[in-house]
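Peer 1: Predicted coordinates and the sequence they were generated for:
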Amino acid sequence: MNMQFSPTVVDEYVNATEGYYTLMRILHLGPHTVRVRVHREVELEPCFAAAEVLSADMAWTLLVTHHPECWFDRTATPFKHINVKSELEQLADGLMQRVQDILVKAIAIPEHVLDVVGAMLAMAYGSTGEHVITPDDVKWAKANGGPFRAIDRRDGSVLLTKAHRCDCPLLASEGDDPCDGKCQAAAQAAGGDPSRN
Ligand SMILES: [Zn+2]
């Protein structure tokens, strides 16, 4: 599974007058639409730098801000022909990076799954275990054995399995019904684990 989402710019707007300059950028990040705005005026007070995410009810929801006190002195006083991008782009990129850190982690791996995968790694490789999964490993695992399923069970445990075929009653019922026993026979016929070096 690829956890990397790269933001794609879908709209950008810059404007400058004697009184202010502003940069607005809309980006797609995985399933999210993000709006980044950086606004610089002559005075510090009305300046702002913020990133918002479009919610399901089509409202912009504030996600991160960068207080103008931190960047006001590093940006030029407004004038009409200022290069808005060279003044504000770095701030916009910084906001976007923070958005990415928050959203990508949230989209990609729910905390519950991280906990379970972390436990499985620790069981397999020790409490300070480390293991690299290559794209070939992923390809091989998808092509062999049953589909990967993580099934939450009533006693609070989680069953991680590739031991059952798609239409096994165990997978179809999310763990409520037992395996009908045909999966193991099929696995043995397929030859089990590969020789890997
Ligand atoms: Zn089964």
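Peer 2: Now that the structure is in, tell me what you want to look at.
Peer 1: okay, CA-based contacts and neighbour counts for the rest of this
Peer 2: Noted.
Peer 1: For Ala141, see how far away the residue located most distally from the centre of the chain is.
Peer 2: The outermost residue of the chain relative to its centre, with distances by Cα atoms, centre = their mean, is Glu18 at 39.8 Å. Remark: distance between Glu18 and Ala141 (Cα to Cα, to the nearest Å) = 61 Å.
Peer 1: about what we covered before: would you say the residue farthest from the centre of the chain is within a strand?
Peer 2: No: under DSSP: H, G, I helix; E, B strand; the rest coil, Glu18 sits outside any strand and is assigned coil.
Peer 1: if I pick the nearest residue to it once chain neighbours are set aside, what's in contact with it?
Peer 2: Spatial nearest neighbour of Glu18, excluding adjacent residues (Cα to Cα, 6 or more residues apart in numbering): Phe79 at 4.3 Å. Taking Cα atoms under 8 Å, 6 or more residues apart in numbering, we find Phe79 in contact with Ala16, Thr17, Glu18, Gly19, Tyr20, Tyr21.
Peer 1: Just to be sure, Phe79 is in a strand?
Peer 2: No: Phe79: not assigned to a strand; according to three-state DSSP it is coil.
Peer 1: What parts of this protein come near the ion?
Peer 2: Within the chain, the residues that sit near the ion (Cα under 5 Å from the ion) are His164, Cys168, Cys179, Cys183.
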